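A.B. asks: what's the 3D shape of this:
(2 chains)
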Amino acid sequence: MRVEVRLYATLRRFGPEDNAPVILDVPEGTRLIHVIESLGIPDDVEKIVLVSGRPAEPDSVLNDGDRIVMFPPVAGG
Amino acid sequence: MNNRFPKWGTVFFMALRTGHLDEIERKIYSRNILIPEVGEAGQVKLLDSRVLVIGLGGLGSPALYYLAASGIGKIGIADHDRVDLSNLQRQILHGHRDVGRQKTQSAAESIARLRTDIRLDIHPFKITSENARDIIAGYDFVVEATDSFESKFLVNDACVELRKPYSHAGVLGTFGQTMTVVPGEGPCFRCVFGEAPAGGVVESTAEAGVLGCVAGVLGSLQAAEAVKYLLGCGRLLVGRLLTFDALAMTFREIQLPPAGRCGICGPQ
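C.D. replies: This next block holds a predicted model:
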């Protein structure tokens, strides 16, 4: 199945140079944590993750066509 | 201090509003009035509106300038901090001569140069869980321009409890993001960001820096959201997080989850 990952702000550094969406072909039953690890995003990097518009946990099972969005909390003012 | 202004923390000059604009106001706000969504009735609405700006730093500076310039009648300004040299590359309300002074004081002077008729409420202390509701209750819209997660969650929770609309923004480095919270109409900050991250886990501007003009862009967007809300026009950033990337020079929008995840907001 195929999922799409979009990275924002400081998390952009874990994606392609041109910041294009990352398209991944993954097996059925793949969990969110597998995708996060495959992108090389360390556990300790604070991030908000939405899967197809819904909050998701690391062990959430992904579905074909899911759009995964990751962005950091930013508090600077 | 200019003798025209009797005392900080008090009303500078109370314009007697009669429901229509006088000739000077028509001239000052002529470029607003020409906009179909504003018009003379909208300008009167802005002059009758009350907005609170919490935080007079990189976001609060442009937000406050543009809100005042747009003709908001009464603005509250809240900040407990004093001006530091390291603030000056982005906090354009303050200048070299203000270093060491209370930010509310130098901000009030900057705004008084722009508007002689504005009603300015000065809150020169920290917004806490004890005082937040009392302060926020007196305004129609809040601009949350603070620089810590603690303050952002505190303002969110108070606004949600009071059903008060507000604009959130955050900046870091060359990035910024903003969303508008209208309780009952979309998710709040807590619905999206959950709990404040543990201290030190997320970089601050003191560690990672921030480009002054990035804060300028986001603060200006916050002012635009406030004006739109007060006029009842356009499409607010409710349920949407707008992200700005100055390196790629792109704005992108993230659709946010529905309200209610936080347990404190949602339709009533």
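
A.B. asks: From here on, just use CA atoms for contacts and neighbour counts.
C.D. replies: Will do.

A.B. asks: residues making contact with the helix or strand bottoming out on mean pLDDT in chain A?
C.D. replies: Across the helices and strands of chain A, the lowest-confidence element by mean pLDDT, DSSP states H and E is strand A:54-55, at a mean of 90. With Cα atoms under 8 Å, 6 or more residues apart in numbering or on different chains as the test, strand A:54-55 has contacts from A:Ile48, A:Val49, B:Leu256, B:Pro257.

A.B. asks: Check the contact between the last one and B:Val192; I expect there is one.
C.D. replies: Yes: in this structure, B:Pro257 is within contact of B:Val192 by Cα atoms under 8 Å, at 7.1 Å.

A.B. asks: Next, the residue lying closest to A:Asn19 once chain neighbours are set aside: phi, psi?
C.D. replies: Distances taken as Cα to Cα, 6 or more residues apart in numbering or on different chains place A:Arg12 nearest to A:Asn19, at 6.5 Å, with adjacent residues excluded. Reported as degrees, to the nearest 10, the phi and psi values for A:Arg12 are phi -60, psi -30.

A.B. asks: In contact with the residue in chain B positioned nearest to chain A, which residues?
C.D. replies: For chain B, the residue closest to chain A is B:Asp147, as judged by Cα to the nearest Cα, at 4.3 Å. When contacts are counted by Cα under 8 Å, 6+ apart, B:Asp147 touches A:Ala75, A:Gly76, A:Gly77, B:Gly55, B:Gly170.

A.B. asks: Go ahead and report the secondary structure state at residue 27.
C.D. replies: Just going to use chain A. coil (DSSP: H, G, I helix; E, B strand; the rest coil).

A.B. asks: should've been chain B
C.D. replies: helix.

A.B. asks: That one: how many residues sit nearby?
C.D. replies: Here the number of neighbours of B:Lys27 (other Cα atoms under 10 Å in any protein chain shown) works out to 12.

A.B. asks: mind checking pLDDT for it?
C.D. replies: Per-residue confidence (pLDDT) for B:Lys27: 98.

A.B. asks: With the one 3 residues further on instead?
C.D. replies: Reading off the confidence values, B:Ser30 has pLDDT 98.

A.B. asks: what's it sitting at in phi/psi?
C.D. replies: Main-chain torsions, B:Ser30, degrees, to the nearest 10: phi -60, psi -40.

A.B. asks: what does B:Cys191 give?
C.D. replies: Per-residue torsions, B:Cys191: phi -60, psi -30 (degrees, to the nearest 10).

A.B. asks: And the closest residue to it other than its chain neighbours, which helix or strand is it part of?
C.D. replies: Using Cα to Cα, 6+ apart and skipping residues adjacent in sequence, the residue nearest B:Cys191 is B:Cys262, 4.6 Å away. Using DSSP states H and E, B:Cys262 is not contained in any helix or strand.

A.B. asks: Now do the contacts for B:Cys262.
C.D. replies: By Cα under 8 Å, 6+ apart, the contact list for B:Cys262 reads B:Cys188, B:Arg190, B:Cys191, B:Gly194.

A.B. asks: Please name the bridge partners of the residue nearest to the first one when sequence neighbours are not counted.
C.D. replies: Nearest residue to B:Cys188 in three dimensions, chain neighbours excluded: B:Val181, at 5.4 Å (Cα to Cα, 6+ apart). In this entry, B:Val181 is beta-bridged to B:Tyr166, by DSSP bridges.

A.B. asks: B:Val181: what's it in contact with?
C.D. replies: Neighbouring residues of B:Val181 by Cα under 8 Å, 6+ apart: B:Pro165, B:Tyr166, B:Ser167, B:His168, B:Pro187, B:Cys188, B:Phe189, B:Leu237, B:Val238, B:Gly239.

A.B. asks: Just put those residues in a markdown table and tack on pLDDT and neighbour count.
C.D. replies: Converted to a markdown table, the contacts of B:Val181 look like this (pLDDT from 0 to 100; neighbours: other Cα atoms under 10 Å in any protein chain shown):
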| residue | pLDDT | neighbour count |
| --- | --- | --- |
| B:Pro165 | 98 | 22 |
| B:Tyr166 | 98 | 27 |
| B:Ser167 | 98 | 27 |
| B:His168 | 98 | 26 |
| B:Pro187 | 96 | 27 |
| B:Cys188 | 97 | 35 |
| B:Phe189 | 97 | 23 |
| B:Leu237 | 98 | 20 |
| B:Val238 | 98 | 19 |
| B:Gly239 | 97 | 21 |
